[in-house]
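Participant: I need the structure of the sequence given here:
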Amino acid sequence: MELIQSAPKNDIVLSQEEEIINITGNLTAGNQQRQRPLSFVLSFTNLTYRVKLHRPKGYNFLRRNNAGAVPPAEKTLLDNISGEVHDGEILALLGASGSGKTTLIDALANRIEKQSLKGTITLNGEIIDSKLSKSITGYVMQDDLLFPMLTVEETLNFAAEFRLPRSIGSLKKRNRVQSLMEQLGLRNVANTIIGDEGKRGISGGERRRVSIGIEAIHDPILLFLDEPTSGLDSTSAFMVVKVLRRIANESGSLIVMSVHQPSYRIIGLLDRLIFLSGGKIAYNGGSSTELTQFCSNLGYPIPENANPVEFVLDLISELENSPTGIAVFSGTGAGDDDDYRQFPVLKEALKARISKGNFTISSNENSISSPIISGNGKLISGVEKFANPIWIEIMVLTKRSILNSRRTPVLFLTRLITVLTTGLLLSTIYWDLDDSSKGIRERMSFFAFAISTTYFSSCQSLPLLLQERFIFTRETSFNSYRKLSYAFSQSITILPLLLILSIAFSTATFWAVGLAGGIRGFVFYLCVVSGSFWAGNSLVVFLSGLVSHVLVGYTVVVSVSAYFLLLSGFFISRNRIPSYWIWFHYFSLIKYPYEGVMMSEFEDPKRCFERGVDLFDMTPFGGAPAAVKAAVLGNLSSAVGVNVTSGTCLKNGLDVLKEMGINELSNKWEYLVILVVWGLFYRVLYYVSLLVLWKNKRK
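Facilitator: Prediction:
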């Protein structure tokens with residue numbers, strides 16, 4: 001392993017001597033490791049995890065076997081699993097799909113609810129609480145969940161801002177990122193974007209190393225990886241494991257990972273192997289030589305030039321289908337010396353970690369872990385969950401969101417063009433409306449459609465919200481930042497963009513349509529449009545917290561917006577809405593901006609919208625000469641005793657509002673306040689959905 005450590009960081013071609021070490025196993029490194037004292041030992045004993053099977057009604061009756069027995073209602077994913085791993089070691093979990101590899105990693109990484117997992121997990125013989133576990137743990141998921149438009153260095157810089165305490169300082173954080181890129185072999189691609197299917201970026205192996213770097217940025221004591229070599233070619237897979245070997249040697253981290261059929265070279269970098277079969281241990285011991293000796297002792301010698309791991313995996317698969325099962329194979333490899341099993345008290349190990357300037361545990365009083373160690377030497381639960389205060393988290397999250405938006409301008413430009421196109425279309429259709437009965441109806445339809453546009457256009461942000469949700473889940477699983485910070489950051493980031501959309505739409509429609517109020521009327525109209533965009537975006541954000549699929553989200557958002565429009569008071573007045581649906585009228589987000597702009601347009605009692613001559617409009621007498629209309633009005637006045645002439649005002653703006661039932665609030669600004677409050681309400685519901693639905697823990 002000395003040769004592996006001293007090799008160049010980005011070297012892919014191995015020397016002949018290095019190849020020999022990899023193929024024969026990690027014996028030299030193992031002997032050196034046994035000579036040094038232990039700092040940390042992760043032990044797990046009798047881990048058992050069962051889940052209930054959800055089956056449709058009548059399933060048990062249909063699935064009865066020949067003996068009449070009903071299939072079990074639960075499934076055992078882990079069955080009495082025990083083992084340990086020491087600092088500076090790599091423990092590899094192997095087995096076929098469904099053998100329990102990922103479940104075991106989740107159990108060790110505190111990603112299973114405590115009430116569901118049976119057994120004990122200790123660090124240096126002590127059970128650690130969830131807060132401490134998350135502060136000293138890194139977890140690399142199988143999928144690389146990264147922002148595609150950020151560069152490698154930017155991605156790691158943001159990870160450093162989230163995971164490293166404020167007390168460390170900016171310079172030390174930057175130095176940590178630079179040294180980590182050297183360690184990961186990413187120096188040559190530091191300024192290259194991550195990329196995705198639509199934008200070319202770094203390679204798959206480099207992307208996986210970036211994912212590892214994000215979780216290793218705070219120098220964790222425990223590092224878990226779920227299939228880190230999955231989907232990579234043999235060279236890239238070896239480079240990933242080689243990086244992990246370097247992290248284990250230089251940082252002393254305890255590394256546990258699941259691997260799918262490792263190559264000869266990868267086997268040489270592993271210290272311990274656990275083979276799983278159906279949630280049970282088939283083999284628990286050392287790598288390569290110990291595995292070969294163990295199989296020989298059982299009467300299953302591994303052929304020369306055969307990959308021992310592939311041979312054992314095939315053997316376990318055959319035994320699973322045999323009458324005896326894997327019981328004949330189950331066992332443990334050569335044990336460790338008693339001296340090697342000795343380890344310091346966890347308090348002393350943590351103190352030693354602090355003295356080395358470790359990033360996870362800092363000696364500063366305001367950092368993550370100053371309250372971890374109490375005076376009596378026991379761990380307490382007073383450790384702070386997050387590395388930074390909430391305002392730092394909001395600032396960093398907002399900075400990252402703005403940077404992502406700048407790198408993807410086409411998304412906002414598309415929405416801006418859509419809003420402008422809709423505004424110009426409405427302007428040409430409703431050009432310069434007049435003050436008449438016809439103008440009243442046209443204004444009402446314009447307001448209803450204009451306000452609805454702000455809600456329907458908010459659907460465009462749904463795919464991006466759902467895409468970010470998976471990254472959010474990964475980052476908050478181990479307390480990179482608070483969920484409240486994420487919700488706040490989203491609100492702050494979107495406000496300037498919504499204001500630009502509001503100005504564009506309001507400017508394109510207000511003057512062209514001929515709405516009333518002048519500058520003051522325009523300001524109120526702009527505020528209402530902005531409030532509508534805000535409330536609509538908040539609704540979409542909230543619904544994105546409830547659904548996980550884009551098509552489902554689109555269906556829900558469009559349907560709810562349509563229901564809001566239907567019961568807003570435009571198609572049917574409030575007095576005509578059935579009593580069992582009236583509650584939805586007050587929940588409608590279109591009701592308040594619609595009634596607000598209606599009140600702004602018709603609040604002037606001196607403005608007349610229907611005169612005596614207009615009585616004949618939309619009747620068979622509409623085309624009669626003016627003299628005839630005047631004569632009819634004279635006869636009508638004599639009959640009812642009210643003087644009505646062609647110029648008499650029969651309906652002013654206040655009459656229009658009364659006729660439409662828009663008289664619940666006395667001030668138009670009250671409608672705007674209610675609209676903004678609705679937006680805040682949906683933001684709060686969104687935060688609640690993040691707390692309740694996105695815990696990222698198995699039950």
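
Participant: hmm, who's touching whichever strand or helix holds Ser179?
Facilitator: Element membership for Ser179 (DSSP states H and E) is helix 170-184. Contacts to helix 170-184, defined as C-beta atoms under 8 Å, 6 or more residues apart in numbering, come from residues 9, 152-153, 156-157, 160-161, 164, 168, 187, 190, 209-210, 212-213, 216-217, 243, 246-247, 250, 359. The C-beta positions use only the backbone N, C-alpha and C, and glycine is treated the same way.

Participant: please redo it, this time with the cut-off set to 7 Å
Facilitator: With contact meaning C-beta atoms under 7 Å, 6 or more residues apart in numbering, helix 170-184 is reached by 9, 153, 156-157, 160-161, 164, 187, 190, 209, 212-213, 216-217, 243, 246-247, 250, 359.

Participant: Any stretches of this structure with poor pLDDT?
Facilitator: In the predicted model, the chain carries pLDDT under 70 at residues 1-37, 54-72, 324-325, 327-341, 355-384, 621-622, 641, 696-699.

Participant: State the distance from the residue sitting nearest the centre point of the chain to Leu693.
Facilitator: In the chain, the residue lying closest to the centroid (C-alpha atoms, centre = their mean) is Arg469, at 2.1 Å. Between Arg469 and Leu693 the computed distance is 10 Å (C-beta to C-beta, to the nearest Å).

Participant: List buried residues within the contacts of helix 170-184.
Facilitator: Buried by 16 or more other C-beta atoms under 10 Å: 153, 156-157, 160-161, 164, 209, 212-213, 216-217, 243, 246-247, 359, out of those.

Participant: so where do the helices sit in the stretch 151-300 of the chain?
Facilitator: 152-163, 170-184, 204-216, 234-251, 264-267, 289-297 (DSSP state H, counting those that start in this stretch).

Participant: need those in CSV with distance to Val85, can you?
Facilitator: As requested, those are exported to CSV (distance: least, C-beta to C-beta, whole Å):
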stretch, distance to Val85
helix 152-163, 22
helix 170-184, 21
helix 204-216, 16
helix 234-251, 10
helix 264-267, 17
helix 289-297, 15
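
Participant: Go through those and name the closest to Arg407.
Facilitator: helix 152-163 (9.9 Å; C-beta to C-beta).

Participant: Pull out the buried positions in stretch 114-122.
Facilitator: Buried positions in stretch 114-122, judged by neighbour count with 16+ other C-beta under 10 Å: Leu117, Ile121.

Participant: How about residues contacting the host helix or strand of Leu319?
Facilitator: Using DSSP H and E, Leu319 sits within helix 308-320. For helix 308-320, contacts defined as C-beta under 7 Å, 6+ apart pick out 94, 96, 261-262, 267, 275, 277, 282-283, 288, 291-292, 295, 300, 302, 325-326, 328-329.

Participant: In PyMOL, how would I select just the buried ones from those residues?
Facilitator: In PyMOL, this line selects whichever of the contacts of helix 308-320 come out buried by 16+ other C-beta under 10 Å:
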select buried, resi 94+96+262+267+275+277+282+283+288+291+292+295+302+325+326+329
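
Participant: Could you pull up the residues touching the nearest residue to Lys101 once chain neighbours are set aside?
Facilitator: Spatially, and ignoring its direct neighbours in sequence, Lys101 is nearest to Ser258 (3.8 Å; C-beta to C-beta, 6 or more residues apart in numbering). Ser258 sits next to Leu93, Lys101, Thr102, Ile105, Asp226, Glu227 when contact means C-beta under 7 Å, 6+ apart.

Participant: Let me know which of the helices of the stretch 151-300 of the chain is the nearest to Glu595.
Facilitator: Glu595 lies closest, by C-beta to C-beta, to one member of the helices of the stretch 151-300 of the chain: helix 152-163, at 43.9 Å.

Participant: Which of the contacts of Ser258 ranks first by neighbour count?
Facilitator: Among those, Leu93 has the most neighbours (other C-beta atoms under 10 Å), with 27 neighbours.

Participant: Distance from the host helix or strand of Val673 to the middle of the chain?
Facilitator: According to DSSP H and E, Val673 maps onto helix 668-693. In terms of C-alpha atoms, centre = their mean, to the nearest Å, the centre of helix 668-693 is found 20 Å from the chain centre.

Participant: So which elements touch that helix?
Facilitator: Packing partners of helix 668-693 (3 or more C-beta pairs under 7 Å, 6 or more residues apart in numbering; DSSP states H and E): helix 483-513, helix 518-544, helix 591-602.

Participant: Which secondary structure elements does the helix or strand harbouring Ile582 sit against?
Facilitator: In this structure, Ile582 sits in helix 582-587 according to DSSP H and E. Helix 582-587 sits against no helix or strand, with contacts defined as 3+ C-beta pairs under 7 Å, 6+ apart.

Participant: Spit out the contact partners of Lys101.
Facilitator: Leu93, Gly95, Ser258, Leu276.

Participant: Cys649 too?
Facilitator: With C-beta under 7 Å, 6+ apart, Cys649 has these contacts: Cys608, Arg611.

Participant: Over to the one 3 residues further on?
Facilitator: By C-beta under 7 Å, 6+ apart, Asn652 lies in contact with Pro605, Arg607, Cys608, Phe609.

Participant: who does the third one bridge with?
Facilitator: Note on Cys608: beta-bridge partners by DSSP bridges are Asn652.

Participant: just to revisit the earlier point, what would the helices and strands packed on helix 668-693 look like in CSV with distance to Leu346 and mean neighbour count?
Facilitator: Shown next, in CSV, are these (distance: least, C-beta to C-beta, whole Å; neighbours: other C-beta atoms under 10 Å):
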stretch, distance to Leu346, mean neighbour count
helix 483-513, 29, 18
helix 518-544, 41, 22
helix 591-602, 58, 26
